[in-house]
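> With the input below, show me the fold.
(2 chains)
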Amino acid sequence: NAGVMQNPRHLVRRRGQEARLRCSPMKGHSHVYWYRQLPEEGLKFMVYLQKENIIDESGMPKERFSAEFPKEGPSILRIQQVVRGDSAAYFCATGTAMNTEAFFGQGTRLTVV
Amino acid sequence: TQLLEQSPQFLSIQEGENLTVYCNSSSVFSSLQWYRQEPGEGPVLLVTVVTGGEVKKLKRLTFQFGDARKDSSLHITAAQPGDTGLYLCAGPSGRPNAGKSTFGDGTTLTVKP
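So this is what the prediction gives:
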(Lines give C-alpha, C1' and ligand atoms only; values in the text may rest on other atoms or scores of the structure.)
Protein backbone atom coordinates (compact mmCIF):
# COMPACT_ATOMS: atom_id res chain seq x y z
CA ASN A 1 0.00 0.00 0.00
CA ALA A 2 2.78 2.42 0.84
CA GLY A 3 4.08 2.16 -2.73
CA VAL A 4 1.17 4.13 -4.21
CA MET A 5 1.79 7.79 -3.50
CA GLN A 6 -0.91 10.42 -3.57
CA ASN A 7 -0.43 14.09 -2.98
CA PRO A 8 -1.39 16.29 -1.50
CA ARG A 9 -2.96 14.39 1.42
CA HIS A 10 -5.22 17.32 2.19
CA LEU A 11 -6.32 20.07 -0.18
CA VAL A 12 -8.50 23.06 0.56
CA ARG A 13 -9.94 25.05 -2.31
CA ARG A 14 -12.39 27.90 -2.54
CA ARG A 15 -15.40 27.54 -4.77
CA GLY A 16 -14.47 28.21 -8.37
CA GLN A 17 -10.80 27.27 -8.01
CA GLU A 18 -9.09 24.30 -9.62
CA ALA A 19 -7.96 21.19 -7.79
CA ARG A 20 -5.17 18.96 -9.03
CA LEU A 21 -4.70 15.57 -7.41
CA ARG A 22 -1.66 13.46 -8.18
CA CYS A 23 -1.11 9.73 -8.05
CA SER A 24 2.25 8.03 -8.52
CA PRO A 25 1.78 4.32 -9.13
CA MET A 26 3.63 1.57 -7.38
CA LYS A 27 6.77 0.60 -9.26
CA GLY A 28 5.95 -1.54 -12.24
CA HIS A 29 2.25 -0.67 -12.25
CA SER A 30 0.80 0.74 -15.44
CA HIS A 31 -2.93 0.74 -14.60
CA VAL A 32 -4.48 3.53 -12.55
CA TYR A 33 -8.00 3.72 -11.17
CA TRP A 34 -9.50 6.77 -9.50
CA TYR A 35 -12.29 6.49 -6.94
CA ARG A 36 -14.26 9.00 -4.89
CA GLN A 37 -15.48 8.35 -1.37
CA LEU A 38 -18.06 10.39 0.50
CA PRO A 39 -18.23 10.17 4.32
CA GLU A 40 -19.41 6.77 5.58
CA GLU A 41 -19.82 5.47 2.07
CA GLY A 42 -17.97 3.06 -0.14
CA LEU A 43 -15.79 4.00 -3.05
CA LYS A 44 -17.34 5.01 -6.34
CA PHE A 45 -15.39 4.34 -9.53
CA MET A 46 -14.50 7.37 -11.59
CA VAL A 47 -11.95 6.53 -14.27
CA TYR A 48 -9.49 3.86 -15.37
CA LEU A 49 -6.34 4.82 -17.23
CA GLN A 50 -3.27 3.22 -18.69
CA LYS A 51 -0.25 5.13 -19.86
CA GLU A 52 -1.46 7.86 -22.25
CA ASN A 53 -4.89 6.23 -22.57
CA ILE A 54 -8.25 6.59 -20.87
CA ILE A 55 -9.74 3.10 -20.82
CA ASP A 56 -13.01 3.70 -18.99
CA GLU A 57 -14.33 7.05 -17.79
CA SER A 58 -17.91 5.98 -17.21
CA GLY A 59 -17.82 7.20 -13.60
CA MET A 60 -16.53 10.67 -14.35
CA PRO A 61 -18.90 13.62 -14.15
CA LYS A 62 -19.46 15.02 -17.62
CA GLU A 63 -18.21 18.49 -16.80
CA ARG A 64 -15.31 19.98 -14.86
CA PHE A 65 -13.54 16.65 -14.24
CA SER A 66 -10.68 15.27 -16.29
CA ALA A 67 -7.90 12.76 -15.81
CA GLU A 68 -4.64 11.92 -17.48
CA PHE A 69 -1.80 9.48 -17.11
CA PRO A 70 1.10 10.74 -19.20
CA LYS A 71 4.00 8.71 -20.47
CA GLU A 72 6.18 10.24 -17.79
CA GLY A 73 5.06 11.38 -14.37
CA PRO A 74 2.07 10.80 -12.15
CA SER A 75 -1.57 10.44 -13.04
CA ILE A 76 -3.50 13.67 -12.51
CA LEU A 77 -7.16 14.08 -11.59
CA ARG A 78 -8.19 17.63 -12.33
CA ILE A 79 -11.34 19.32 -11.09
CA GLN A 80 -12.10 22.72 -12.51
CA GLN A 81 -14.31 25.33 -10.87
CA VAL A 82 -14.80 23.26 -7.73
CA VAL A 83 -18.10 23.31 -5.85
CA ARG A 84 -18.87 22.26 -2.28
CA GLY A 85 -20.29 18.96 -3.52
CA ASP A 86 -16.82 18.02 -4.76
CA SER A 87 -15.62 17.75 -1.16
CA ALA A 88 -14.66 14.10 -0.68
CA ALA A 89 -11.74 11.74 -0.37
CA TYR A 90 -10.23 10.81 -3.71
CA PHE A 91 -8.29 7.58 -3.94
CA CYS A 92 -6.23 6.10 -6.67
CA ALA A 93 -5.42 2.43 -6.98
CA THR A 94 -2.80 0.95 -9.24
CA GLY A 95 -2.20 -2.47 -10.67
CA THR A 96 -0.44 -4.45 -13.33
CA ALA A 97 -3.35 -6.04 -15.23
CA MET A 98 -7.08 -5.76 -15.56
CA ASN A 99 -9.31 -7.18 -12.85
CA THR A 100 -6.48 -8.20 -10.61
CA GLU A 101 -5.75 -6.92 -7.17
CA ALA A 102 -5.10 -3.21 -7.06
CA PHE A 103 -3.32 -1.33 -4.31
CA PHE A 104 -4.66 1.93 -2.96
CA GLY A 105 -2.91 5.12 -2.04
CA GLN A 106 -3.72 7.02 1.14
CA GLY A 107 -6.01 9.40 -0.67
CA THR A 108 -6.41 13.13 -1.06
CA ARG A 109 -9.04 14.76 1.08
CA LEU A 110 -10.48 17.69 -0.80
CA THR A 111 -12.41 20.33 1.08
CA VAL A 112 -14.16 23.07 -0.85
CA VAL A 113 -14.96 26.14 1.22
CA THR B 1 -25.56 -2.36 -12.68
CA GLN B 2 -24.04 -4.76 -10.19
CA LEU B 3 -24.65 -3.68 -6.60
CA LEU B 4 -23.11 -4.94 -3.39
CA GLU B 5 -25.03 -4.51 -0.17
CA GLN B 6 -23.20 -4.77 3.10
CA SER B 7 -24.72 -5.39 6.50
CA PRO B 8 -24.80 -4.30 9.16
CA GLN B 9 -23.85 -0.73 8.36
CA PHE B 10 -22.51 -0.16 11.88
CA LEU B 11 -21.38 -2.65 14.50
CA SER B 12 -20.07 -1.90 17.97
CA ILE B 13 -18.88 -4.76 20.16
CA GLN B 14 -16.69 -5.48 23.14
CA GLU B 15 -13.20 -6.88 22.87
CA GLY B 16 -13.25 -10.66 22.77
CA GLU B 17 -16.62 -11.02 21.06
CA ASN B 18 -17.14 -12.73 17.71
CA LEU B 19 -18.87 -11.07 14.76
CA THR B 20 -19.92 -11.66 11.19
CA VAL B 21 -20.48 -9.08 8.48
CA TYR B 22 -22.11 -9.74 5.15
CA CYS B 23 -21.81 -8.72 1.53
CA ASN B 24 -24.73 -9.59 -0.74
CA SER B 25 -25.67 -9.12 -4.36
CA SER B 26 -28.28 -10.29 -6.82
CA SER B 27 -25.51 -10.59 -9.41
CA VAL B 28 -22.83 -13.21 -9.84
CA PHE B 29 -19.26 -12.05 -9.37
CA SER B 30 -16.19 -13.77 -10.72
CA SER B 31 -14.39 -12.81 -7.52
CA LEU B 32 -14.88 -10.69 -4.45
CA GLN B 33 -12.37 -8.78 -2.43
CA TRP B 34 -12.44 -7.61 1.19
CA TYR B 35 -10.66 -4.47 2.30
CA ARG B 36 -10.18 -2.77 5.63
CA GLN B 37 -9.96 0.99 5.77
CA GLU B 38 -8.85 2.96 8.81
CA PRO B 39 -9.80 6.62 9.29
CA GLY B 40 -7.73 8.90 7.09
CA GLU B 41 -6.18 6.03 5.18
CA GLY B 42 -6.75 4.14 1.96
CA PRO B 43 -8.34 0.68 1.78
CA VAL B 44 -5.99 -2.22 2.39
CA LEU B 45 -6.72 -5.48 0.66
CA LEU B 46 -7.33 -8.37 3.06
CA VAL B 47 -8.29 -11.21 0.75
CA THR B 48 -9.66 -12.18 -2.66
CA VAL B 49 -12.08 -15.08 -2.99
CA VAL B 50 -12.62 -16.57 -6.43
CA THR B 51 -14.25 -19.99 -6.12
CA GLY B 52 -17.85 -20.59 -5.06
CA GLY B 53 -17.88 -22.05 -1.56
CA GLU B 54 -14.31 -21.03 -0.93
CA VAL B 55 -13.20 -20.37 2.64
CA LYS B 56 -10.05 -18.43 3.42
CA LYS B 57 -8.57 -17.79 6.82
CA LEU B 58 -6.32 -14.93 7.81
CA LYS B 59 -5.43 -15.33 11.49
CA ARG B 60 -8.69 -14.53 13.34
CA LEU B 61 -10.53 -13.56 10.14
CA THR B 62 -12.48 -16.12 8.11
CA PHE B 63 -13.81 -15.21 4.67
CA GLN B 64 -16.38 -17.25 2.80
CA PHE B 65 -17.59 -16.93 -0.78
CA GLY B 66 -21.12 -18.17 -1.39
CA ASP B 67 -21.66 -21.25 -3.54
CA ALA B 68 -23.45 -19.16 -6.16
CA ARG B 69 -20.78 -16.42 -6.01
CA LYS B 70 -23.38 -13.80 -5.15
CA ASP B 71 -22.47 -13.25 -1.53
CA SER B 72 -19.63 -13.34 0.94
CA SER B 73 -19.14 -13.14 4.67
CA LEU B 74 -16.35 -12.10 6.99
CA HIS B 75 -16.20 -13.62 10.45
CA ILE B 76 -13.88 -12.27 13.13
CA THR B 77 -13.13 -14.36 16.18
CA ALA B 78 -12.22 -12.74 19.49
CA ALA B 79 -12.26 -9.21 18.12
CA GLN B 80 -9.59 -6.78 19.26
CA PRO B 81 -9.57 -2.96 19.27
CA GLY B 82 -7.07 -3.12 16.42
CA ASP B 83 -9.81 -4.65 14.25
CA THR B 84 -11.70 -1.35 14.35
CA GLY B 85 -12.24 0.07 10.90
CA LEU B 86 -14.43 0.18 7.81
CA TYR B 87 -14.72 -3.21 6.11
CA LEU B 88 -15.47 -3.00 2.40
CA CYS B 89 -16.29 -5.70 -0.09
CA ALA B 90 -15.71 -5.16 -3.79
CA GLY B 91 -16.05 -7.05 -7.03
CA PRO B 92 -15.18 -6.49 -10.67
CA SER B 93 -17.92 -4.63 -12.52
CA GLY B 94 -18.95 -3.73 -16.01
CA ARG B 95 -17.95 -5.56 -19.12
CA PRO B 96 -15.32 -8.29 -18.80
CA ASN B 97 -11.87 -6.95 -18.12
CA ALA B 98 -13.21 -3.45 -17.65
CA GLY B 99 -10.65 -3.04 -14.92
CA LYS B 100 -12.92 -1.38 -12.40
CA SER B 101 -14.57 -2.51 -9.19
CA THR B 102 -17.92 -1.99 -7.52
CA PHE B 103 -17.71 -1.38 -3.79
CA GLY B 104 -20.28 -1.86 -1.10
CA ASP B 105 -20.86 0.98 1.34
CA GLY B 106 -19.05 -0.95 4.06
CA THR B 107 -19.52 -2.01 7.64
CA THR B 108 -18.05 0.31 10.26
CA LEU B 109 -16.76 -1.86 13.09
CA THR B 110 -15.87 -0.50 16.50
CA VAL B 111 -14.28 -2.83 19.02
CA LYS B 112 -14.27 -1.40 22.52
CA PRO B 113 -11.55 -2.43 24.96
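
> who's in contact with the residue nearest the centre of chain A?
Centroid-nearest residue in chain A, with CA atoms, centre = their mean: A:Trp34, separated by 3.8 Å. Under the criterion of CB atoms under 8 Å, 6 or more residues apart in numbering or on different chains, the contact list for A:Trp34 reads A:Cys23, A:Phe45, A:Met46, A:Val47, A:Tyr48, A:Leu49, A:Ala67, A:Ser75, A:Leu77, A:Tyr90, A:Phe91, A:Cys92. Every residue, glycine included, has its C-beta placed from N, CA and C.

> Closest one to B:Gly16 out of those residues, please.
A:Phe91 (32.6 Å; CB to CB).

> Beta-bridge partners for that closest one, please?
When assigned by DSSP bridges, A:Phe91 has beta-bridge partners A:Tyr35.

> That one contacts B:Val44, doesn't it?
No. Counting by CB atoms under 8 Å, A:Phe91 does not reach B:Val44; the two are 11.6 Å apart.

> Settle it for me: which of those two has more neighbours?
When A:Phe91 and B:Val44 are compared for neighbours, A:Phe91 comes out ahead with 25 against 15, by other CB atoms under 10 Å in any protein chain shown.

> just to revisit the earlier point, top of the contacts of A:Trp34 by number of neighbours, please.
Most surrounded of these: other CB under 10 Å gives A:Cys92, at 32 neighbours.

> can you tell me how far that one sits from A:His31?
The spacing between A:Cys92 and A:His31, counted by CB to CB, to the nearest Å, is 10 Å.

> list residues touching both of the two?
Going by CB under 8 Å, 6+ apart, residues that sit against A:Cys92 and also against A:His31 are A:Pro25.

> Low-confidence stretches in the chain?
You didn't say which chain, so I picked chain A. A:1-2, A:97-100 (pLDDT under 70).

> actually it's chain B I care about, not the one you picked
B:1, B:94-99.

> right, and B:Pro81 touches B:Glu38 too?
No. Using CB under 8 Å, B:Pro81 makes no contact with B:Glu38, being 11.9 Å away.

> list the residues that contact both of A:Phe91 and B:Val44?
By CB under 8 Å, 6+ apart, the residues touching both A:Phe91 and B:Val44 are A:Phe104.

> if we can go back for a sec, between the contacts of A:Trp34, which is nearest B:Leu88?
A:Phe91 (11.3 Å).

> Next one: that closest one from A:Leu38, what distance?
Applying CB to CB to A:Phe91 and A:Leu38 gives a distance of 12 Å.

> Return the residues in contact with A:Glu52.
Per CB under 8 Å, 6+ apart, neighbours of A:Glu52: A:Phe69, A:Pro70, A:Lys71.

> I'd say A:Ser66 and A:Arg78 touch.
Yes. Applying CB under 8 Å, one finds A:Ser66 in contact with A:Arg78, separated by 4.9 Å.

> Near chain A, which residues of chain B? Just list them.
By the rule CB under 8 Å from any CB of the partner chain, the part of chain B lying against chain A is B:4, B:6, B:30-31, B:33, B:35, B:40-45, B:48, B:88, B:90, B:92-94, B:96-106, B:108.

> mind running it again at 7 Å?
When proximity is defined as CB under 7 Å from any CB of the partner chain, chain B approaches chain A at B:33, B:41-45, B:48, B:88, B:92, B:97-101, B:103-106, B:108.
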